[in-house]
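Visitor: Output the structure for:
(chains A and B)
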Amino acid sequence: MFTTHNITSRLFERQIRTPPPGTSIHRARRFYENIVPATTIYEVECPDNSFRKFTEDGKYLISFSRNHQDLIVYRPTWLSFSCKHEDCDNQDLPPKAKKFESFFTQLYSVPLASANELICKDFFLYAESNQFGLFATSTAQIYDAPATGGAIQGVPSIEKITFHLLRLEDGVVLDERVFCNDYINLAHSMGVFLFDDLLAIVSLRYQRIHILQIRDSGSLVDLRAIGEFCREDDELFLNSSAQASTYIYTSDKTFLVISSADKRAPQHMPANNAANGSHLEQQPAQENPFLSGIKQRLLSFIVRGIQNEEKDETMRIQSLKKKFYFHFQDYVDLIIWKVQFLDRHHLLIKFGSVDGAVSRNADNHPAFFAVYNMESTEIIAFYQMSSDELYLLFEQFCDHFHVPSKSSPYMNFISSHSNNIHALEQLRSSKNKATSFPLFIKKVLVSLPFNCQFIYKCYIICLQLISAADRHRQSTDHPIKFILRRPPHTLKFKIKPGPEAGITDCRTKRISSFLFHPILPLALSVQQTLFLQPAVVNIHFRR
Amino acid sequence: MGSWDVGIWPSFDPHNFSQLRPNDPSAPSKKTPITYHPTHDRTLPPPDQVISSEAKNILLRQFYQRGDEKLRPKRAAPENLSPEQECKHPRASFASSSEPPK
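Guide: Sure, this is the predicted structure:
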């Protein structure tokens, strides 16, 4: 059975024949092999903004002003001009068509950041159902911030982080959420995860996961803050029982409370307690001798798991000593790195050490994964980074880690090694070739928990060959070729960033970034040098 | 089906469909189709059965299952995996419990 590549015969086929069951979407997408952005308009005169992203439904182009204080949103449109000559296809484009404004209409420009704040240019989350966009502005980072008020030592602090929720249709700021003296990993939206209308924000400094809901009206509603306290009324309960035990302390000074060697407590401990490691006398009411709620859940899950492995009592104690108490301080020192939703009630949390959280290359630091149920406040599972059990689950159910949102069914059509036997074969063959299985598992699981909206939904990219469209690449003088993935592997089109004549000055480094429209055959390539010169923008489209 | 007057449609052999009597529209057919009555009750559902869809997706079900295994007190028999689970996923030959850092 030969599939034709000619667009006319494909259209006729579509008229006559119904596609094989379940493949109608695939057949529709194959039309993108014929409608390619092959024409380039070089060095388009455009406003000097930094263009970031097309939204997933293709309705908006998000860009920020050069000073990172304003948000400018464009609507992608298309050329409209009429041609009076007979042979229109071979005519050159009229000069009016070669302008940025023919392809993009500016909708609005909204100042988001005030005087000392900057918009985080890597952060943008899109709630497709309501057409809301989430942006973040922050002040400068302070690296050696003192660990006050329950903060973790070693994590930098940002004086003010503001999340802005905007309705993208008209640029109205619907709601804001401010975090003061906190640290949230905003680069590539790593510290924030959006799932339908639920937002999870990880505060690294205070070790809390804030769960918010985006209402249809546009307001951000706090649902819970997991970390120190797991249930909504934990704080009330602990405060009231702390008051009760203070009363007991004043009457009986030998009252003992078992707590951990809490790093936050030392400066305020009375002098006679300094000698004791694990047994401390009752602290005054404002000190919290307990570990944070989620840490307690985690440690108790680990202990129960180890206890259950052995039937014999002495073996059990041995096992606990070796596997738990020996590493107790390491477990206590774990902090939350990253979080993603697995469904509306479950979170996948990555734990690691403080050093790994702030370093750029976290691969060398040990990490652990835990599944947490927000409703029952229980830890369901706990795995270390190179756990083969977790790897097996990832191999079989990878799609369920990319949490499918109700509003965008496109995840059904992205092939991964859980739904495509060829991808699975590839993964298995690289597994067999790997010299060390734990290292291989580490490599595969390093992307967990996934970044939100990381998979860029673009039909052209799915069909053709491209690498890392979202990231910036150092550009050479050669155009990038797009080749059909299927046989025959013909060259479909080329995209050449930079000026038409090429680059004469080879010494300065250039960075190219590409923005592909998810639906229309339209792409922007932006090439800039590092010296803040205006960028060279090319528009690639199908004529 | 009974109202299709197949007998008067053109066909290759005029004797085809000659046995079919067209339905008389004034007197509707009294034939009722034969229904099947089961001769045993082995396939009856239990009287209190309620069929509903599982709220947790399959990945979470796996996590819960493995967590329950770990936390359930072990019986004397070494094979405490249920046979259904045995054939469902091929376990790796490596030890599969979560281990502390070395």
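
Visitor: Can you point out the buried residues in stretch A:373-383?
Guide: For stretch A:373-383, burial by neighbour count (16 or more other CB atoms under 10 Å in any protein chain shown) applies to A:373, A:374, A:377, A:379, A:380, A:381, A:382, A:383. In this view, the C-beta of every residue, glycine as well, is placed from N, C-alpha and C.

Visitor: Please list which of those residues are also close to chain B.
Guide: A:380, A:381, A:382, A:383 (CB under 8 Å from any CB of the partner chain).

Visitor: What segments of the stretch 301-450 of chain A are helices?
Guide: A:313-323, A:328-332, A:354-358, A:388-401, A:421-433, A:437-445 (DSSP state H, counting those that start in this stretch).

Visitor: Nearest residue to the middle of chain A?
Guide: In chain A, the centroid-proximal residue (CA atoms, centre = their mean) is residue A:451; its distance is 2.4 Å.

Visitor: host element of that residue?
Guide: Taking DSSP states H and E as the definition, one finds residue A:451 inside no helix or strand.

Visitor: one step back: export the buried residues of stretch A:373-383 to JSON lines and tack on distance to residue A:479 and pLDDT?
Guide: Compiled in JSON lines, these are given as follows (distance: CB to CB, whole Å; pLDDT from 0 to 100):
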{"residue": "A:373", "distance to residue A:479": "51", "pLDDT": "93"}
{"residue": "A:374", "distance to residue A:479": "49", "pLDDT": "92"}
{"residue": "A:377", "distance to residue A:479": "55", "pLDDT": "90"}
{"residue": "A:379", "distance to residue A:479": "51", "pLDDT": "92"}
{"residue": "A:380", "distance to residue A:479": "50", "pLDDT": "92"}
{"residue": "A:381", "distance to residue A:479": "48", "pLDDT": "92"}
{"residue": "A:382", "distance to residue A:479": "49", "pLDDT": "92"}
{"residue": "A:383", "distance to residue A:479": "45", "pLDDT": "92"}
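
Visitor: Out of the helices of the stretch 301-450 of chain A, which one sits most buried?
Guide: Stretch with highest mean neighbour count among those: helix A:388-401 (a mean of 19; mean count of other CB atoms under 10 Å in any protein chain shown).

Visitor: any idea of the mean pLDDT for that one?
Guide: Averaging pLDDT along helix A:388-401 gives 89.

Visitor: before we move on, what about stretch A:298-313?
Guide: Averaged across stretch A:298-313, the pLDDT comes to 86.

Visitor: quick one: pLDDT of the nearest residue to residue A:341 once chain neighbours are set aside?
Guide: Take residue A:341 and drop its neighbours on the chain: the residue closest to it by CB to CB, 6 or more residues apart in numbering or on different chains is residue A:195, 4.0 Å away. In this prediction, residue A:195 carries a pLDDT score of 89.

Visitor: now do residue A:210
Guide: 94.

Visitor: Please name the bridge partners of the residue of the stretch 101-250 of chain A found nearest chain B.
Guide: Among all residues of the stretch 101-250 of chain A, residue A:195 sits closest to chain B, at 12.8 Å; criterion: CB to the nearest CB. Applying DSSP bridges to residue A:195 gives these bridge partners: residue A:198.

Visitor: got TSV for the helices of the stretch 301-450 of chain A, with distance to residue B:54 too?
Guide: Putting the helices of the stretch 301-450 of chain A into TSV (distance: least, CB to CB, whole Å) gives the following:
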stretch	distance to residue B:54
helix A:313-323	34
helix A:328-332	33
helix A:354-358	36
helix A:388-401	13
helix A:421-433	25
helix A:437-445	26
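
Visitor: Can you add distance to chain B and give those back as a markdown table?
Guide: Compiled in a markdown table, these are given as follows (distance: least, CB to the nearest CB, whole Å):
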| stretch | distance to chain B |
| --- | --- |
| helix A:313-323 | 5 |
| helix A:328-332 | 6 |
| helix A:354-358 | 13 |
| helix A:388-401 | 4 |
| helix A:421-433 | 11 |
| helix A:437-445 | 7 |
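
Visitor: Can you say which of these is nearest to residue A:67?
Guide: In terms of CB to CB, the element of these nearest to residue A:67 is helix A:354-358, at 27.1 Å.

Visitor: and chain A, which residues reach chain B?
Guide: So chain A meets chain B at A:302, A:304-305, A:308-309, A:311, A:323-324, A:326-327, A:330-331, A:342-343, A:346, A:366, A:371, A:380-384, A:387-389, A:392-393, A:396-397, A:400-401, A:437 (CB under 8 Å from any CB).

Visitor: Report the closest residue of chain B relative to chain A.
Guide: For chain B, CB to the nearest CB, closest residue to chain A: residue B:59, 3.8 Å.

Visitor: Give the closest residue to that residue in space, chain neighbours not counted.
Guide: residue A:400 (3.8 Å).

Visitor: which residues touch the one you found?
Guide: Each residue near residue A:400 by CB atoms under 8 Å, 6 or more residues apart in numbering or on different chains is listed here: A:342, A:418, B:57, B:58, B:59, B:60.

Visitor: can we see that at 10 Å?
Guide: By CB atoms under 10 Å, 6 or more residues apart in numbering or on different chains, the contact set of residue A:400 is A:342, A:343, A:393, A:394, A:418, B:57, B:58, B:59, B:60, B:62.

Visitor: Can I get the buried ones among the residues you listed as something I can paste into ChimeraX?
Guide: To isolate the buried members of those in ChimeraX, using 16+ other CB under 10 Å:
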select /A:342,343,393,394,418 /B:57,59,60,62
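
Visitor: Now, the contacts of residue A:400 that are in strands?
Guide: The members of the contacts of residue A:400 all map outside strands under DSSP state E.

Visitor: For the chain, just list every one of the helices.
Guide: All of this is about chain A. Listed in chain order, the helices of chain A (DSSP state H) span A:7-16, A:24-30, A:100-103, A:234-251, A:293-309, A:313-323, A:328-332, A:354-358, A:388-401, A:421-433, A:437-445, A:459-463.

Visitor: Wait, chain B was what I had in mind.
Guide: Listed in chain order, the helices found in chain B under DSSP H are B:58-71, B:83-88.

Visitor: now those as CSV including distance to residue A:66 and mean pLDDT?
Guide: Compiled in CSV, the helices of chain B are given as follows (distance: least, CB to CB, whole Å; pLDDT from 0 to 100):
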stretch, distance to residue A:66, mean pLDDT
helix B:58-71, 44, 89
helix B:83-88, 57, 44
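
Visitor: Compare those helices and give me the one nearest residue A:356.
Guide: Closest to residue A:356 of the helices of chain B is helix B:58-71 (CB to CB; 23.9 Å).

Visitor: elements contacting the closest one?
Guide: For helix B:58-71, the contact count by 3 or more CB pairs under 10 Å, 6 or more residues apart in numbering or on different chains; DSSP states H and E identifies helix A:293-309, strand A:346-352, strand A:367-373, strand A:378-384, helix A:388-401, helix B:83-88 as packing neighbours.

Visitor: Columns distance to residue A:122 on top of these, output as TSV?
Guide: Listed next are these as TSV, based on distance: least, CB to CB, whole Å:
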stretch	distance to residue A:122
helix A:293-309	28
strand A:346-352	19
strand A:367-373	22
strand A:378-384	29
helix A:388-401	22
helix B:83-88	42
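
Visitor: Can you say which of these is nearest to residue A:117?
Guide: The minimum distance between residue A:117 and the helices and strands packed on helix B:58-71 falls on strand A:346-352, with 28.7 Å, by CB to CB.

Visitor: and the angle for that closest one with helix A:437-445?
Guide: Counting by axes from the mean of the first three to the mean of the last three CA atoms, to 10 degrees, strand A:346-352 lies at 120 degrees to helix A:437-445.

Visitor: If you count neighbours, what's buried in strand A:346-352?
Guide: Neighbour-count burial for strand A:346-352 flags A:346, A:347, A:348, A:349, A:350, A:351, A:352 (criterion: 16+ other CB under 10 Å).

Visitor: how about stretch A:513-525: buried residues?
Guide: A:513-525.

Visitor: Actually, stretch A:333-346.
Guide: By 16+ other CB under 10 Å, the buried positions in stretch A:333-346 come out as A:334, A:335, A:336, A:337, A:338, A:339, A:340, A:341, A:342, A:343, A:346.
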